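Colleague: Predicted model and sequence follow; I will ask about them next.
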Amino acid sequence: MFEHKTEAEARKQILDMVAEYCDTYHNQKKEFCEGDRIPYASRVYDHEEMVNLVDSSLEFWLTSGRYTERFEKKLAEYLGIRFCSLVNSGSSANLLAFMALTSPLLGERRVKRGDEVITVACGFPTTVAPMLQYGAVPVFVDVTIPQYNIDITMLEAALSEKTKAVMIAHTLGNPFDLRAVKGFCEAHGLWLVEDNCDALGTQYTMEEDGKEVTRFTGTIGDIGTSSFYPPHHMTMGEGGAVYTDDPLLNKIVRSFRDWGRDCVCPSGHDNLCGHRFDRQYGELPVGYDHKYVYSHLGYNLKATDMQAAIGCAQLDKFPSFVEHRRHNFDRLMAGLHGTEDKLILPEACPYARPSWFGFLITCKEGVDRNQVVQYIEKKGVQTRMLFAGNLTKHPCFDEMRASGQGYRVVGGLEQTDRIMKDTFWVGVYPGMTDEKIDYMARVIKEAIALC
């Protein structure tokens, strides 16, 4: 097949065939029939992602390479931030973001074992898990309904002499009150980590130097994180990112991501600094190879270039994904108009333009969530709970709950518990059509009519 062809010609032939294959056998649009499964999320892609994937695989570099560098640069440019590090998952991104705060390079501001981090129990566990795994103490405060984000009136009560950081997620695309939380962190010298895994593309208007400035969530705190798991705003299969404007934090993140090494040379490159063999570190001999000097006890959390190749194609489409999500959210909101006597519908945070990940619904008194959810599911509409509901109620907290050690709760978690009991959500991902959105609204109305 490739006889008398150059490598470039052979590659083009392969990639043209891949594009044709994808167009022929993937993403064939089917007419929607009522009762067909409507997932809460799904991949949205075309032949560009598949061509990039195969293009990367033909090089057989496998680990991070040219597509990784391109993706990190493109995502940083999109977000308007200086530094971006691609990792293998959103959970790894949260791990790196937290562990970066434990670095000795941060001096007195570093998070040490026993220090406290303010967060919420109503969310995804890997926002909190790194704190507990390291030996820090999460301090849980309640959230509000219908924004489903941290109750800012509890921040001062949660503060102690051990508090070093606030690490919380923007819930399903709806940002927490960044003005209040950022101001609280600045007033008390705390780090702010934004778990932006469910909110990529969300915009928030801050007041800075007497002017209103609109920024993307994830770029307002000290560190932001993203996830590229298939249900998320964009995908590369598995994957995530950590981003920051702080050069020191970026250096630390890269070190923890890449085995904890001190060297900053990317894979496949040696001695970019010109001092690989002429310096002394720790108690190592002078001239010890800098590529094998470790300034942190790190991990290997890099993504592959094949994942990054998919991400590059997804990122080109990403602005349209965000607009589709907003359109679907608004249409579903309109479709559920008139249900407010039985349902609490979601509400955007002030100063925010959310990139919605899902549509949260809380059942009012007299409406049984389980009955509603089961009816909706039987009609083909996939539902999800708001992740952990109340994380402290889960089996992973049994020993800590019994001992009364390992975490702290400020006040009650009444709204968190209500969400655990009464809340669910449905999707608004960009592959949904108006027909599917309208069907979902009708099915939800049918379900509550039976209550």
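Modeller: It's in.
Colleague: Show me where the protein has its strands.
Modeller: 83-87, 116-120, 137-141, 163-169, 191-195, 203-208, 211-216, 223-227, 240-244, 343-344, 352-353, 358-363, 408-409, 423-427 (DSSP state E).
Colleague: Mind checking those for the one nearest to A308?
Modeller: Each of the strands of the chain has some distance to A308 by C-beta to C-beta; the shortest is strand 83-87, at 6.0 Å. Placement of C-beta: from N, CA and C, glycine included.
Colleague: ok, residues contacting the closest one?
Modeller: 64, 68, 71-73, 75-76, 93, 96, 239-247, 249-250, 253-254, 257, 301-303, 307-308, 311 (C-beta atoms under 8 Å, 6 or more residues apart in numbering).
Colleague: What residues does the residue lying closest to F424 once chain neighbours are set aside make contact with?
Modeller: Nearest-residue entry for F424: T383, 4.9 Å, with adjacent residues in sequence omitted and distances by C-beta to C-beta, 6 or more residues apart in numbering. Applying C-beta under 8 Å, 6+ apart, one finds that T383 lies in contact with 40, 373, 376-377, 424-426.
Colleague: circling back: would you mind giving the strands of the chain as TSV with mean pLDDT and mean neighbour count added?
Modeller: Listed next are the strands of the chain as TSV, based on pLDDT from 0 to 100; neighbours: other C-beta atoms under 10 Å:
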stretch	mean pLDDT	mean neighbour count
strand 83-87	98	25
strand 116-120	98	26
strand 137-141	98	23
strand 163-169	98	25
strand 191-195	99	26
strand 203-208	96	16
strand 211-216	97	13
strand 223-227	98	29
strand 240-244	98	28
strand 343-344	98	19
strand 352-353	98	19
strand 358-363	98	24
strand 408-409	98	16
strand 423-427	98	23
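Colleague: okay, the ones you listed in TSV with distance to V264 next?
Modeller: Output for these, formatted as TSV (distance: least, C-beta to C-beta, whole Å):
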stretch	distance to V264
strand 83-87	11
strand 116-120	28
strand 137-141	32
strand 163-169	25
strand 191-195	22
strand 203-208	31
strand 211-216	26
strand 223-227	18
strand 240-244	15
strand 343-344	49
strand 352-353	36
strand 358-363	38
strand 408-409	38
strand 423-427	40
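Colleague: Of those strands, which is nearest E399?
Modeller: Within the strands of the chain, the stretch nearest E399 is strand 137-141; the backing value is 14.8 Å (C-beta to C-beta).
Colleague: next one: that closest one to chain centre, how far?
Modeller: The gap between where strand 137-141 is centred and where its chain is centred comes out at 20 Å by C-alpha atoms, centre = their mean, to the nearest Å.
Colleague: Run through who's touching that strand.
Modeller: 114-121, 128, 131-132, 150-151, 154-155, 157-158, 160, 162-163, 391-392, 406-411, 413, 416.
Colleague: quick one, helices of the stretch 101-250 of the chain?
Modeller: 129-134, 155-158, 178-188, 247-257 (DSSP state H, counting those that start in this stretch).
Colleague: Which neighbouring elements make contact with the first one?
Modeller: Contacts of helix 129-134 with other secondary structure elements, assessed using 3 or more C-beta pairs under 8 Å, 6 or more residues apart in numbering; DSSP states H and E, are made with helix 90-100, strand 137-141.
Colleague: likewise the shortest one?
Modeller: For helix 155-158, the contact count by 3+ C-beta pairs under 8 Å, 6+ apart identifies strand 137-141, helix 178-188 as packing neighbours.
Colleague: which ones are touching the residue nearest to I344 when sequence neighbours are not counted?
Modeller: Counting by C-beta to C-beta, 6+ apart, T362 is the residue found nearest to I344 once chain neighbours are left out, at 4.0 Å. When the contact criterion is C-beta under 8 Å, 6+ apart, the partners of T362 are 145-146, 343-344, 418-419, 422-423.
Colleague: Redo the helices and strands packed on helix 129-134 as JSON lines? Include distance to C84.
Modeller: What follows is the helices and strands packed on helix 129-134, written out as JSON lines (distance: least, C-beta to C-beta, whole Å):
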{"stretch": "helix 90-100", "distance to C84": "11"}
{"stretch": "strand 137-141", "distance to C84": "27"}
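Colleague: which one of those lies closest to T214?
Modeller: Comparison of the helices and strands packed on helix 129-134 against T214 by C-beta to C-beta identifies helix 90-100 as nearest, at 23.1 Å.
Colleague: Double-check M206 against V213; I have them as touching.
Modeller: Yes: the pair M206 and V213 qualifies as a contact (C-beta atoms under 8 Å) at a distance of 5.5 Å.
Colleague: Can you say which of the contacts of strand 83-87 are buried?
Modeller: Restricting the contacts of strand 83-87 to buried positions leaves 64, 68, 71-72, 75-76, 93, 96, 239-245, 249-250, 253-254, 257, 301-303, 307-308, 311, with burial counted as 16 or more other C-beta atoms under 10 Å.
Colleague: ok, back up a step: so for H26, which of the helices and strands packed on helix 155-158 sits nearest?
Modeller: Across the helices and strands packed on helix 155-158, closest to H26 is helix 178-188 (C-beta to C-beta), at 38.9 Å.
Colleague: any chance of the contacts of T362 in TSV, plus distance to H337?
Modeller: Putting the contacts of T362 into TSV (distance: C-beta to C-beta, whole Å) gives the following:
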residue	distance to H337
I145	19
P146	15
L343	11
I344	14
R418	23
I419	23
D422	20
T423	20
